[in-house]
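> The following block contains a protein sequence and its predicted model.
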Amino acid sequence: MFFTVLTIFPEMFDPFWEHGIVRRAIEGKIIRASAVNIRNFAEDRHQATDDRPYGGGSGMVMKPEPLAAAIREASKTMPGAKTVLLTPQGRMFNQQMARELASCGGLILVCGRYEGVDERICDDLIDYEISIGDYVLTGGELAGMVIMDAVTRLIPGALGGEDAAEKDSFSDGLLEHAHYTRPRIFEDREVPEVLLSGHHQEIERWRLESSLMRTLLKRPDLLEKRELPDQETEVLRRWGNQIEKILDCHRSPIKRS
Ligand code: 4GX
């Protein structure tokens with residue numbers, strides 16, 4: 001996977017390239033990444049990348065010529081790469097999109113500043129417009145890092161464990177189960193007994209129920225959207241029956257035993 005970022009602040013990406021899984025992926029030649037300064041493509045003597053908006057108003061707009069030149073240059077060196085503009089107007093980024101982008105081979109991430117980029121850039125030179133969420137950033141750089149981070153860890157070989165990426169949250173539509181490590185007792189709170197038991201089947205069962213419970217409590221929308229495997233339907237039914245039983249006791253207290 002090749003990433004080229006187009007930005008007026010390429011230095012922002014140095015600490016991102018230099019740490020953790022992303023760094024290891026670069027060193028292991030699992031990905032290649034570079035940040036290119038859009039300013040290098042500005043032709044005027046001030047090397048301006050922004051200009052005042054037609055129609056007036058406050059704020060500045062990214063000039064089309066340097067941006068177009070930067071995108072065309074990056075496309076030339078990465079044939080077949082998709083161009084992505086980070087913008088609040090884009091499709092909301094999610095794990096499914098991360099998977100699709102991971103199969104692209106090359107990505108050119110266009111990070112805008114100011115009020116945005118000249119509309120003719122979006123029309124002619126951008127394949128995907130992506131937003132990382134409904135909030136306003138001061139530039140597309142952090143959004144670009146979010147995309148690269150989520151995509152990089154899906155490239156085979158980027159994570160140590162063989163199938164680690166597929167076991168993570170969202171890969172199967174559920175949140176991750178609870179995790180524990182030593183010590184066995186921390187501030188009077190114990191690790192669930194079953195995790196110490198060595199019964200792998202029971203541990204898998206506990207993890208499934210933990211995942212389901214957390215998803216039900218924290219993100220019920222995920223359960224509604226997703227197809228439920230039989231095993232999970234059965235767990236949810238059982239919980240539902242238990243809740244019904246408890247409610248019954250409170251409806252007719254006379255029956256309480
Ligand atoms: N998810 N921003 C981009 C400037 C801009 C505006 C329009 C292109 C078109 C954001 C987000 C985000 C702020 C980055 C405005 N560039 N990007 N910037 N949320 O808020 O991706």
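Received the coordinates, thanks. All figures in this text were calculated on a predicted structure; none of them were measured in a lab.

> residues in contact with Trp206?
His177, Pro192, Val194, Leu195 (Cβ atoms under 8 Å, 6 or more residues apart in numbering). Where C-beta positions appear, they are placed from N, C-alpha and C, glycine not excepted.

> helix/strand/coil for it?
Here Trp206 is recorded as helix under DSSP: H, G, I helix; E, B strand; the rest coil.

> confidence score at it?
Here, the pLDDT recorded for Trp206 equals 98.

> Can you tell me how far it is from Val61?
Distance, Trp206 to Val61, using Cβ to Cβ, to the nearest Å: 55 Å.

> Not counting sequence-adjacent ones, nearest residue to Ile71?
Nearest non-adjacent residue to Ile71, counting by Cβ to Cβ, 6 or more residues apart in numbering: Leu125, 4.8 Å away.

> how deep is that neighbour tucked in, by neighbour count?
Per other Cβ atoms under 10 Å, the neighbour tally for Leu125 reads 19.

> Next: Leu222.
Leu222 has 15 nearby residues by other Cβ under 10 Å.

> check contacts around it.
Taking Cβ under 8 Å, 6+ apart as the definition, contacts of Leu222 comprise Gly173, Leu174, Leu175, Thr215.

> Where does the third one sit: helix, strand or coil?
Reducing the assignment to helix, strand or coil with three-state DSSP, the entry for Leu175 is coil.

> That one reaches Arg219, doesn't it?
Yes - between Leu175 and Arg219 there is a contact at 6.1 Å, judged by Cβ atoms under 8 Å.

> Have a look at those two and say which one is more surrounded.
Legend: neighbour count by other Cβ under 10 Å for Leu175 and Arg219, higher for Leu175 (20 against 16).

> Can you check which strand is longest in this structure?
strand 82-92 (DSSP state E).

> list the buried ones in it?
Lys82, Thr83, Val84, Leu85, Leu86, Thr87, Pro88, Gly90 (16 or more other Cβ atoms under 10 Å).

> Pull the most distant pair out of the contacts of Leu222.
Longest distance between any two of these is 9.2 Å, between Gly173 and Leu175; criterion Cβ to Cβ.

> what's the most distant pair in the buried residues of strand 82-92?
Checking these with Cβ to Cβ, the most distant pair is Lys82 and Pro88, at 19.7 Å.

> Kindly export stretch 175-189 (C-alpha atoms) in CSV.
Output of stretch 175-189 as CSV, limited to C-alpha atoms (Å, rounded to 0.1, in the frame of the first residue of the first chain):
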residue,chain,number,x,y,z
LEU,A,175,-17.6,-4.5,20.3
GLU,A,176,-14.6,-6.2,21.8
HIS,A,177,-15.1,-8.3,24.9
ALA,A,178,-13.6,-7.0,28.2
HIS,A,179,-9.9,-7.5,28.7
TYR,A,180,-7.9,-8.3,31.8
THR,A,181,-4.2,-8.7,32.7
ARG,A,182,-2.2,-9.2,35.9
PRO,A,183,-2.6,-8.7,38.8
ARG,A,184,-5.5,-11.1,39.5
ILE,A,185,-6.8,-8.7,42.2
PHE,A,186,-6.5,-4.9,41.5
GLU,A,187,-7.9,-2.5,44.1
ASP,A,188,-10.2,-5.3,45.5
ARG,A,189,-11.6,-6.1,42.0
